[in-house]
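Undergrad: Below are the sequence and a predicted model; questions follow.
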Amino acid sequence: MGFIPIVIVYMWSGLSLEAKQKIVDGITKVFEDLRIPKEAVEIVIIETPKENWGVGGELASVKFKQIKPP
């Protein structure tokens, strides 16, 4: 195999296992559509609490306090 994609997803923590599986399934499908075998696709999900993430000079936990994970 000459091409092994590694996709790193940075996101806020809190998504369910089912939601993470949907993310992995969707990303994998994109590569399968490009004829890359799913066995070659690696996906790493890195979760960070909102209070450790800054957006526009504010903590995401403050700026997006109304957004709750599904």
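TA: The structure has been received and is ready for your questions.
Undergrad: List phi and psi for residue 14.
TA: Dihedral pair for residue 14: phi 130, psi -10, per degrees, to the nearest 10.
Undergrad: For it, which residues are in contact?
TA: 47, 68-69 (C-beta atoms under 8 Å, 6 or more residues apart in numbering). (Glycine included, C-beta is placed from N, CA and C.)
Undergrad: Just the ones of those in strands?
TA: The members of the contacts of residue 14 that map onto strands under DSSP state E are residue 47.
Undergrad: quick one: which of the contacts of residue 14 is nearest to residue 4?
TA: Nearest to residue 4 among the contacts of residue 14: residue 47, at 23.4 Å, using C-beta to C-beta.
Undergrad: hang on, isn't that closest one packed against residue 13?
TA: Yes: at 3.7 Å, residue 47 counts as touching residue 13 under the criterion of C-beta atoms under 8 Å.
Undergrad: Residue 28 falls within a helix, correct?
TA: Yes: with DSSP: H, G, I helix; E, B strand; the rest coil as the criterion, residue 28 is assigned to a helix.
Undergrad: For it, the count of nearby residues, please.
TA: 20 (other C-beta atoms under 10 Å).
Undergrad: Let's see stretch 56-66 as PDB, backbone CA atoms only.
TA: Extracted in PDB, the C-alpha atoms of stretch 56-66 (Å, rounded to 0.1, in the frame of the first residue of the first chain):
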ATOM      1  CA  GLY A  56     -11.400  35.300  19.300                       C
ATOM      2  CA  GLY A  57      -9.800  36.100  22.700                       C
ATOM      3  CA  GLU A  58     -12.400  34.200  24.700                       C
ATOM      4  CA  LEU A  59     -12.500  30.800  26.200                       C
ATOM      5  CA  ALA A  60     -14.800  28.600  24.200                       C
ATOM      6  CA  SER A  61     -16.600  27.600  27.400                       C
ATOM      7  CA  VAL A  62     -17.700  31.200  27.800                       C
ATOM      8  CA  LYS A  63     -18.200  32.200  24.200                       C
ATOM      9  CA  PHE A  64     -20.200  29.100  23.300                       C
ATOM     10  CA  LYS A  65     -21.700  28.200  26.600                       C
ATOM     11  CA  GLN A  66     -25.100  27.800  25.000                       C
END
